[in-house]
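In: sequence first, predicted model second:
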Amino acid sequence: MAQVQQFLVLMVAFSTAAQTLTEYVVKQFFPSLASTLPDSEKEKKRQTYLHLWCALFGAVLDWTTGLRPITDLFKNGDDLPFAWISSVQVETAVEGVVVGVMVSYGSGFFNDVLGALNAFVDAQNAIKAAAPPPPTPPKAPAAS
């Protein structure tokens, strides 16, 4: 459970950081990407460019921080998700791209799942706290 929570927390953090960079850096340098366009085809292209920038930022964040959320999620298992790749550099790049795409398209999903998981953990902790303590065994009479 802790690995899933760690994965979700990292993905939420990466998503937030990538979206913030996209909002405050990309839209400042490219004002045409800052406002919604009335033409639906041009709006689709604008949104695609924003997603590509966000994915790029997510991949760069994954690569530069050294955090590997996908690999860490499976690190206790025998089959790591990118074990078929023989080169560590290529494995890192592939994970960066996958994380970047997940960050760009899944930020709302990760926030919702993390909220649900935290609520579940809180409910489990509340149940444990409300449970009566186990009975203590009677003391044996003192031997004289």
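Out: Cool, got the structure. Computed from a prediction, not measured in an experiment: that's the story for all the values here. Numbers count the residues shown, from 1 in each chain.

In: confidence-wise, which helix or strand of the protein is lowest on average?
Out: helix 69-73 (a mean of 75; mean pLDDT, DSSP states H and E).

In: please name every helix or strand in contact with it.
Out: Applying 3 or more CB pairs under 8 Å, 6 or more residues apart in numbering; DSSP states H and E, one finds that helix 69-73 contacts helix 2-21, helix 88-130. Where C-beta positions appear, they are placed from N, C-alpha and C, glycine not excepted.

In: from the chain's centre, how far out does that helix sit?
Out: 10 Å (CA atoms, centre = their mean, to the nearest Å).

In: what does stretch 64-78 give?
Out: Using CA atoms, centre = their mean, the offset of stretch 64-78 from its chain centre is 11 Å.

In: quick one: contacts of it?
Out: Defining contact as CB atoms under 8 Å, 6 or more residues apart in numbering, one finds that stretch 64-78 is touched by 3-4, 6-7, 10-11, 14, 62, 80-82, 92, 95, 98-99.

In: on that earlier part again, for the least confident helix or strand of the chain, buried residues please.
Out: 69, 70, 73 (16 or more other CB atoms under 10 Å).

In: residue contacts, the nearest residue to the first one once chain neighbours are set aside?
Out: Meaning residue 69. Using CB to CB, 6 or more residues apart in numbering and skipping residues adjacent in sequence, the residue nearest residue 69 is residue 10, 4.2 Å away. Neighbouring residues of residue 10 by CB under 8 Å, 6+ apart: 67, 69, 72.

In: nothing else from me, thank you.
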